[in-house]
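1. What follows is a predicted protein model with its sequence.
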There are 2 protein chains.
Amino acid sequence: MSTTVSPLAPKRYPTMPEIAGVRIAAAEAGIKYKGRKDLMVMVFDEGTEVAGVFTRSKCPSAPVELCRQNLPGGRARILVVNSGNANAFTGKRGRESTAVECKAAAAAVGGSESEVFLASTGVIGEPLDAGKFTHLLGDLVKQAQAGAWKDAAQAIMTTDTYPKYLTAKADLDGVEVTINGIAKGAGMIAPDMATMLSFVATDAPIAASALQDLLSKGTNKTFNAVTVDSDTSTSDTLMLFATGKAADRGAPRITDAKDPRLAGFRRALNRLLKQLALQVVRDGEGARKMIEITVTGAKSSRSAKKVALSIANSPLVKTAVAGEDANWGRVVMAVGKAGEPAERDLLSIWFGDFRVAHQGERDPDYSEEAVSSYMKQDDITIRVDLGLGNGKATVWTCDLTKEYVAINGDYRS
Amino acid sequence: MSTTVSPLAPKRYPTMPEIAGVRIAAAEAGIKYKGRKDLMVMVFDEGTEVAGVFTRSKCPSAPVELCRQNLPGGRARILVVNSGNANAFTGKRGRESTAVECKAAAAAVGGSESEVFLASTGVIGEPLDAGKFTHLLGDLVKQAQAGAWKDAAQAIMTTDTYPKYLTAKADLDGVEVTINGIAKGAGMIAPDMATMLSFVATDAPIAASALQDLLSKGTNKTFNAVTVDSDTSTSDTLMLFATGKAADRGAPRITDAKDPRLAGFRRALNRLLKQLALQVVRDGEGARKMIEITVTGAKSSRSAKKVALSIANSPLVKTAVAGEDANWGRVVMAVGKAGEPAERDLLSIWFGDFRVAHQGERDPDYSEEAVSSYMKQDDITIRVDLGLGNGKATVWTCDLTKEYVAINGDYRS
């Protein structure tokens, strides 16, 4: 946990409402960090349904493997998350550790092991001694309270400089339901997934299969459209829990993702996922500026996203933005290296509202002074029109600063 | 041109021999830099044959387009290179500029426009006013001398901290031939191509088609196996010129790349290309350490190279090496994100001779102290065995330091 808070941190934090059927507790287990909470449990009432999306890494962590194994059951009673150690690339001992943790968590909550979900974040490759904290789980479950969302967000931080938590309301067939979410970054952030860990819960009564559809589709333009450093974690986990408690207030149980009554909920969920994803970018390691990159006029939206990510992941574009330099030549370079259809002489590029390049050359009308002044802002927008078709995509990233290098040059030691 | 020379710069420079049929001159044209040479001509005797490989960027520079247009002719009389301005993304004016330059160069050397080759390196997107230096070409051709290879290497530098030039001898059917080469980096370096500009010349009598085959195959394990920052330039150019003058001393003219008499020349050329490529890496922007990454046990050599480049381009791996941290967990991460076949529980990882991970977990026998001491060296070797097949590849990169960010945060201004 860094001592200097990102200049892009939210100016205000929301007051988190309770989600009926969800209780939270956090503790100092001393896994790696001293003097801060590093263990969090989220306890769910019986009947809670669950969906998840995970890293596409070929070397996933042991907790990711356990979540994948339990997800088809569709039910969740408890989520246990620790920071400080990722339990990734820990081989047989990693699996033994999740087995011990899973058993203890199931016993603590009085549920089945198939209803347990785990996540770990921190250093890779160090064995995680679950025995150091499993004895805490029983008390944590007992102490868990409905309102402790901020504690949860804080307990899962690693190099994050601020906790990330958000809440939203949605209308489900005339009944107001609530969605709460927490997330943590802050390096090794690239699709897919983009965040290392994010957990969202709602009281809406939505069946696991519909929940999964909502979540999988919702990540495309949110968590899978942000990148800090093009590095994909072995532990990326995004889960959505639905307690169904709003049924007590008359909300209908939804079993089909195509149900038109889900429209409002879907909008609210996607907005919340996007805001959580952007909070991760705004807290990207060493970030001083947020960059929104939109590519239009591509042959397809898939192609547009590939070009946008090529720009977003270019160290030369990111260092130029860090230096407040509207160096659109590097944007051209990044378009060119993406390997997607592009015609130099049809390209146009904007920084903010300033068109700096048009039809393959510098726009003769743009004012270097005005653009330079624009580049001093915290939030920078880059738009590229390829002039070829209707494909469009937006991605988000942050600048690449000396602080990123400093943070990652001595993270493990 | 930086004022601080890379700590990885060569301790000694070679004395460059002459190549019969090649003359060189350089001048201060004041294109962008002040007080240094920024314009270079290489003049070739009639009958010189040529091969080239260029950037795969979809937005290539105007000089790259001109070279591609003239290459099928197979003949070269003059090469003109400027630094300070890349003449890239300069649209119609870029093409007008290369046309003016081409015409002036052909007139200066008394040859055809189809025998002119051009390269430009520096800022992208600024129109290049060829009129500022074309009047110099006539005198440069007259002044050109056989021995001026070091001048040539210096004139093409941009953010390079030292000039890159090498020479080699080869036996061609009992006759000694010479190969000289120069190169420049130092950012926006990734396959394909890896260097922005490199020019190699020989007195060996080799026909253009055979020359092209040698060069194209030679780049795969040399220039296309190095990366500084994963950013591919719009201007990458590697050319090989053969004056054929060694025929005067009895060397046979070779017209078929499969000719067994080429074996020694091919070896010497490939070694020279590799050494030039490594010099580019050793002068990567902000580089303090050179990293050699070998992946073995992959399903194929293509797969091995993809995994190796995923490691080489990972900002988290590169910053860890900068911090002298043997953080092999990040190597696992980079293997996992490459998308190639990999089995966590079969992976082994070495830093130097120290095996730090084996069969999916930390090697219980490795000494953290010994590895930490190893990480203090200038040259770091990382080896990953995937345990799946016989595919193998080696790539080279440098660490990612605060200096990289500093150099690229204010390059244009």
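-> Cool, got the structure.
2. quick one, what contacts residue A:60?
-> A:54, A:68, A:88, A:234-235, B:336, B:344 (C-beta atoms under 8 Å, 6 or more residues apart in numbering or on different chains). Yep, even glycine has a C-beta here, placed from its N, CA and C like the rest.
3. count of residues packed around the nearest residue to residue A:241 once chain neighbours are set aside?
-> Excluding the flanking residues, the one nearest residue A:241 by C-beta to C-beta, 6 or more residues apart in numbering or on different chains is residue A:201, at 4.3 Å. Neighbours of residue A:201 under the rule other C-beta atoms under 10 Å in any protein chain shown: 26.
4. Over to residue A:57?
-> 26.
5. Now a PyMOL select for only the buried ones of the contacts of residue A:60.
-> Those of the contacts of residue A:60 that count as buried under 16 or more other C-beta atoms under 10 Å in any protein chain shown are selected in PyMOL with:
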select buried, (chain A and resi 54+88+234+235) or (chain B and resi 336+344)
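6. Quick one: neighbours of residue A:249, just the number.
-> 12.
7. Check the residue nearest to residue A:241 and give its pLDDT.
-> We have a pLDDT of 90 for residue A:201.
8. now do residue A:231
-> You'll see residue A:231 listed with a pLDDT of 71.
9. tell me which element residue A:24 falls in.
-> Here residue A:24 sits within strand A:22-27, counting by DSSP states H and E.
10. and that strand, what does it pack onto?
-> strand A:39-44, helix A:137-143, helix A:149-155 (3 or more C-beta pairs under 8 Å, 6 or more residues apart in numbering or on different chains; DSSP states H and E).
11. pretty sure residue A:117 contacts residue A:52?
-> Yes: under the criterion of C-beta atoms under 8 Å, residue A:117 makes contact with residue A:52 at 7.5 Å.
12. which of these two has more neighbours?
-> Neighbour count, other C-beta under 10 Å: between residue A:117 and residue A:52, residue A:117 has more, with 26 against 23.
13. what about the residue nearest to that one when sequence neighbours are not counted, how many neighbours?
-> Leaving aside its sequence neighbours, residue A:117 sits nearest to residue A:79 (C-beta to C-beta, 6+ apart; 4.7 Å). Residue A:79 is flanked by 27 other residues according to other C-beta under 10 Å.
14. How much space separates residue A:79 from residue A:239?
-> Here residue A:79 is placed at a distance of 7 Å from residue A:239 (C-beta to C-beta, to the nearest Å).
15. Mutual contacts of these two, please.
-> By C-beta under 8 Å, 6+ apart, the residues touching both residue A:79 and residue A:239 are A:117, A:199.
16. how distant is the host helix or strand of residue A:292 from the center of its chain?
-> With elements taken from DSSP H and E, the one containing residue A:292 is strand A:290-298. Relative to its chain's centre, strand A:290-298 lies at 19 Å (C-alpha atoms, centre = their mean, to the nearest Å).
17. Whatever residue of the stretch 51-200 of chain A ends up closest to chain B: what's it in contact with?
-> Chain B sits closest to residue A:124 of the stretch 51-200 of chain A, with a gap of 2.7 Å, by C-beta to the nearest C-beta. Contact analysis of residue A:124 by C-beta under 8 Å, 6+ apart lists A:61, A:86, A:88-89, A:234, B:329-330, B:332-333.
18. Now for those: which two are most distant?
-> A:61 and B:330 (13.7 Å; C-beta to C-beta).
19. quick one: which of these two has more around it?
-> It is residue A:61, of residue A:61 and residue B:330, that has more neighbours when counted by other C-beta under 10 Å, with 33 against 29.
20. what about residue A:345, how many neighbours?
-> With neighbours defined by other C-beta under 10 Å, the count for residue A:345 comes to 13.
21. how close does it sit to residue A:299?
-> 16 Å.
22. re earlier: inside strands: which ones of the contacts of residue A:60?
-> In this view, these that belong to strands under DSSP state E are residue A:54.
23. can the contacts of residue A:60 go into a markdown table with extra columns for distance to residue B:406 and pLDDT?
-> Listed next are the contacts of residue A:60 as a markdown table, based on distance: C-beta to C-beta, whole Å; pLDDT from 0 to 100:
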| residue | distance to residue B:406 | pLDDT |
| --- | --- | --- |
| A:54 | 37 | 89 |
| A:68 | 43 | 95 |
| A:88 | 33 | 86 |
| A:234 | 31 | 78 |
| A:235 | 32 | 81 |
| B:336 | 31 | 87 |
| B:344 | 37 | 83 |
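24. now, which of the contacts of residue A:60 sits nearest residue A:392?
-> Checking these against residue A:392 with C-beta to C-beta, the nearest one is residue A:54 at 27.4 Å.
25. Quick check: beta-bridge partners of the closest one?
-> residue A:237 (DSSP bridges).
26. Please verify my assumption that it contacts residue A:234.
-> No: Residue A:54 is beyond contact range of residue A:234, at 10.0 Å (criterion: C-beta under 8 Å).
27. any common contacting residues for the two?
-> A:60, A:64.
28. I'd say residue A:360 and residue A:342 touch.
-> No: between residue A:360 and residue A:342 there is no contact under C-beta under 8 Å: 10.6 Å.
29. what ranges do the helices span in chain A?
-> Secondary structure of chain A (DSSP state H): helices located at A:62-70, A:91-109, A:137-143, A:149-155, A:208-220, A:263-282, A:301-312, A:315-322, A:328-337, A:368-374, A:402-409.
30. Flag whichever of those has the least confidence on average.
-> Among the helices of chain A, helix A:402-409 carries the lowest mean pLDDT (a mean of 82).
31. quick one: that one near chain B?
-> Yes: applying C-beta under 8 Å from any C-beta of the partner chain, one finds helix A:402-409 in contact with chain B at A:402, A:404-406, A:408-409.
32. Check stretch A:127-142 too.
-> Yes: interface with chain B: stretch A:127-142 contributes residue A:127 (C-beta under 8 Å from any C-beta).
33. tell me which residues in that stretch are buried?
-> Buried-residue list, stretch A:127-142, by 16+ other C-beta under 10 Å: A:127-128, A:130, A:133-134, A:136-137, A:140-141.
34. Could you dump these into JSON lines with distance to residue B:281 added?
-> Shown next, in JSON lines, are the buried residues of stretch A:127-142 (distance: C-beta to C-beta, whole Å):
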{"residue": "A:127", "distance to residue B:281": "35"}
{"residue": "A:128", "distance to residue B:281": "37"}
{"residue": "A:130", "distance to residue B:281": "43"}
{"residue": "A:133", "distance to residue B:281": "45"}
{"residue": "A:134", "distance to residue B:281": "48"}
{"residue": "A:136", "distance to residue B:281": "49"}
{"residue": "A:137", "distance to residue B:281": "50"}
{"residue": "A:140", "distance to residue B:281": "51"}
{"residue": "A:141", "distance to residue B:281": "54"}
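35. now, which of the contacts of residue A:124 sits nearest residue B:292?
-> residue B:330 (16.7 Å).
36. Surely that closest one is in contact with residue B:316?
-> Yes: because the distance of 4.5 Å satisfies C-beta under 8 Å, residue B:330 is recorded as touching residue B:316.
37. OK, contacts around the residue nearest to residue A:117?
-> For residue A:79, counting by C-beta under 8 Å, 6+ apart, the contacting residues are A:41-42, A:44, A:116-119, A:199, A:239, A:241.
38. just these: which has the poorest pLDDT?
-> Within those, lowest confidence goes to residue A:199 (88).
39. Does that one touch residue A:272 like I think?
-> No: using C-beta under 8 Å, residue A:199 is not in contact with residue A:272; the gap is 11.8 Å.
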